[in-house]
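Visitor: need a structure here:
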Amino acid sequence: MISRLAVVPHPPLLVPELVTGAGSDTEPVRSACLAAARDLAACSAEWVAVGVDPSGPRVVEDAAGTFRGFGVDVPVSLSEGATTADDELPLPALVAAWLRERAGARSVRVHLVPPDMPAADCVALE
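Guide: Residues are numbered from 1 along each chain as shown. This next block holds a predicted model:
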């Protein structure tokens, strides 16, 4: 059962290490996203995220990655005990992991769907 829902952007501009010259400009959206993530973590330590990526449909979980491909090596993980390193973790998964870590959630399972997936097929996903 879904008990809370938050919609957040997935651009790497949320990660302050990646926007050093625009940190103050991006702070309001970052603060709002972190507040929403903390609210989710207070309700549940295990999250489900849905993101758009051409590699979908697929599910990513228990993996660790980095924002290195965006210019700075900021490591993140989808769970506290992530056992798999994935150098190609898609951006929606990286941002979900970054939010999970800062909000204190235990894990996030990321469902990736392709950008052209019909709405009915998205609804049918578990």
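Visitor: which residue is nearest the centroid of the chain?
Guide: What sits nearest the mean C-alpha location of the chain, by Cα atoms, centre = their mean, is A96, with 1.3 Å.
Visitor: Can you read off the backbone torsions of it?
Guide: phi -60, psi -40 (degrees, to the nearest 10).
Visitor: Can you give me the distance of it to V113?
Guide: 14 Å (Cβ to Cβ, to the nearest Å). Glycine gets a C-beta too; all of them are placed from N, C-alpha and C.
Visitor: Need the overlap of contacts for these two.
Guide: Shared contacts of A96 and V113, defined by Cβ atoms under 8 Å, 6 or more residues apart in numbering, comprise G51.
Visitor: just checking, R4 touches E46?
Guide: No: counting by Cβ atoms under 8 Å, R4 stays clear of E46, with 11.9 Å between them.
Visitor: Common neighbours of the two, please.
Guide: With Cβ under 8 Å, 6+ apart as the test, R4 and E46 reach no residue in common.
Visitor: Show me where the protein has its strands.
Guide: Here the chain has its strands, by DSSP state E, at 46-52, 58-60, 63-66, 75-77, 84-85, 107-113.
Visitor: From start to finish, how long is stretch 76-96 in a straight line?
Guide: End-to-end distance for stretch 76-96: 9 Å, by Cα to Cα, to the nearest Å.
Visitor: so how far is it off the chain centroid?
Guide: 8 Å (Cα atoms, centre = their mean, to the nearest Å).
Visitor: Give me the contacts around it.
Guide: By Cβ under 8 Å, 6+ apart, stretch 76-96 touches 8-12, 14-15, 47, 49, 51-53, 55, 60-68, 97-98, 100-101, 106-110, 112.
Visitor: can you pull the buried residues of it?
Guide: Under the neighbour-count criterion of 16 or more other Cβ atoms under 10 Å, stretch 76-96 has 76-79, 82, 86, 89-96 buried.
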